[in-house]
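S.K.: One predicted model, sequence on top.
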Amino acid sequence: MDREVSSISTLLKIIENYSKLNQLKLDETNYKDLIEKLPESKSISKKQSILNLNKAYQSETLVLVLGAGISIDFGTLSWTDLLQNLMVHTIEKEKTISNILSKLFNDIFSPNPLIAGRYLQNYFDEKNKSFESMVRNVLYSTVDKDKSSNLLNEIVKLCAAPGRSPNLNSIITYNFDDILEYKLDKTGMDIPFKSVFGVGIDIKNNELPIYHVHGFLPEHKKLSKSNQITFGENNYHQQYTEIYSWNNIVQINKFRDNTCLFIGSSLCDPNIRALLDIALKQKGNKRKHHYIFKKRINIDSLKNDLQKALDSHDIKDEKVKADLNFNETITFLNEIYERFEENDSASFGVQTIWITNWDEIPEILKKMRESIT
């Protein structure tokens, strides 16, 4: 879902902004004082977050903003695997050979996703092949939409009252797939919704709009020019230059006028960050907060990574290493990371809801929906 921190390297880079590792001596460093000098924590309690989200839901101003993490339970490919599977089709060799070569290329060179996307789009255009059709074929090749997901079940329950009250304001999704729409149809209930993925798609008063702002590739429907997806560098450049495109306008308006809950998404996309910035400036004194789920670092993994880093780090003074208070350093590193993340999100008007496990999200959504704290 949100990016995982599997290595201590990110934390070591962050800590350099506050104190050099070779200054952390047990007899010189007061960790409590160091923590107090860090940027102020921007988080609020989980209980208060649920209350605020329920208030937005009850007033029908709550927007769900969904990322790739929503579809993981159904077998969707990671971005790297999707690129690799598309790359296979550009290597005109026997399938097994193409699979191996494309995997080796990705593993060895780790191409930038935007550049890789641009290359793939240009390749299929030159071959007069539909890029969107090719992406759709690869996208659904590993997907089982009949699998169960507690997270998506709770999201469906939040969608189950269009035309009645309370109700979601809308959904913004950065996913190409139609898994959410499929699950809404499978409920057997009459849940009016409208998938919006281009200009000229009208929404009725009783319909819940699902905005596919990066494009929409329904599994079994005919694709048209309106189904163009945001995949490579070309598309991102277009988004930057066309600030008044329908998808940018939708996001700015929703970010400005509503309370948004980011689920299965990070705030790493440069375009999303730019649109949040624009919306924040347009809000003026209306300081409605948005919310995002972020997973805490696993302390045991952090300890292992720190030990490896200390064993391999170029520390000139071995006495410094001997004097380092390991457990207090873990606490300090973790505190830096969380405040770093909280302050980054808060700069866009987004409050962080910390969770230990992604499985906590469905229960939080249920409490929010039922006003249970």
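M.R.: Structure's in. What do you need? Numbers count the residues shown, from 1 in each chain.
S.K.: Name the residues of stretch 270-278 that are buried.
M.R.: Buried residues in stretch 270-278, counting neighbours by 16 or more other Cβ atoms under 10 Å, are found at N271, I272, A274, L275, L276, I278. C-beta here means a position set from N, CA and C on the backbone, and glycine is covered the same way.
S.K.: Lowest pLDDT pick from these?
M.R.: Among the buried residues of stretch 270-278, N271 carries the lowest pLDDT, at 88.
S.K.: Which element, helix or strand, includes that residue?
M.R.: N271 is part of helix 270-283 when elements are defined by DSSP states H and E.
S.K.: elements contacting that helix?
M.R.: Identification of packing neighbours for helix 270-283 by 3 or more Cβ pairs under 8 Å, 6 or more residues apart in numbering; DSSP states H and E yields helix 233-241, helix 246-257.
S.K.: can you rerun that using 10 Å?
M.R.: helix 233-241, helix 246-257, strand 259-263, strand 290-295 (3 or more Cβ pairs under 10 Å, 6 or more residues apart in numbering; DSSP states H and E).
S.K.: CA atoms only for it, dumped as CSV, please.
M.R.: The C-alpha coordinates for helix 270-283 follow below in CSV (Å, rounded to 0.1, in the frame of the first residue of the first chain):
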residue,chain,number,x,y,z
PRO,A,270,4.3,15.0,-8.0
ASN,A,271,1.1,15.9,-9.7
ILE,A,272,-1.1,15.0,-6.7
ARG,A,273,1.2,17.0,-4.5
ALA,A,274,0.9,20.0,-6.8
LEU,A,275,-2.9,19.7,-6.9
LEU,A,276,-3.1,19.5,-3.1
ASP,A,277,-0.9,22.6,-2.8
ILE,A,278,-3.2,24.5,-5.2
ALA,A,279,-6.3,23.4,-3.3
LEU,A,280,-4.8,24.3,0.0
LYS,A,281,-4.1,27.8,-1.2
GLN,A,282,-7.6,28.2,-2.5
LYS,A,283,-9.2,27.1,0.8
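S.K.: most neighbours per residue, which of the helices and strands packed on helix 270-283?
M.R.: A comparison of the helices and strands packed on helix 270-283 by mean neighbour count, using mean count of other Cβ atoms under 10 Å, puts strand 259-263 on top with a mean of 25.
S.K.: So V65 lies in a strand, does it not?
M.R.: Yes. Membership of V65 in a strand is supported by DSSP: H, G, I helix; E, B strand; the rest coil.
S.K.: outside of the helix holding N271, which residues touch it?
M.R.: Taking Cβ atoms under 10 Å, 6 or more residues apart in numbering as the criterion, the residues outside helix 270-283 that touch it are 65, 67, 114, 172, 174, 213-214, 230, 235-236, 239-240, 243, 247-258, 260, 262, 265-267, 269, 287, 290, 344-345, 347-350.
S.K.: hey, where'd the strands end up in this protein?
M.R.: Counting by DSSP state E, the chain forms strands over residues 62-66, 170-173, 193-196, 208-212, 259-263, 290-295, 350-355, given from the N-terminal end onward.
S.K.: So for I50, which of those sits nearest?
M.R.: In terms of Cβ to Cβ, the element of those nearest to I50 is strand 350-355, at 8.7 Å.
S.K.: I am finished for the moment; much appreciated.
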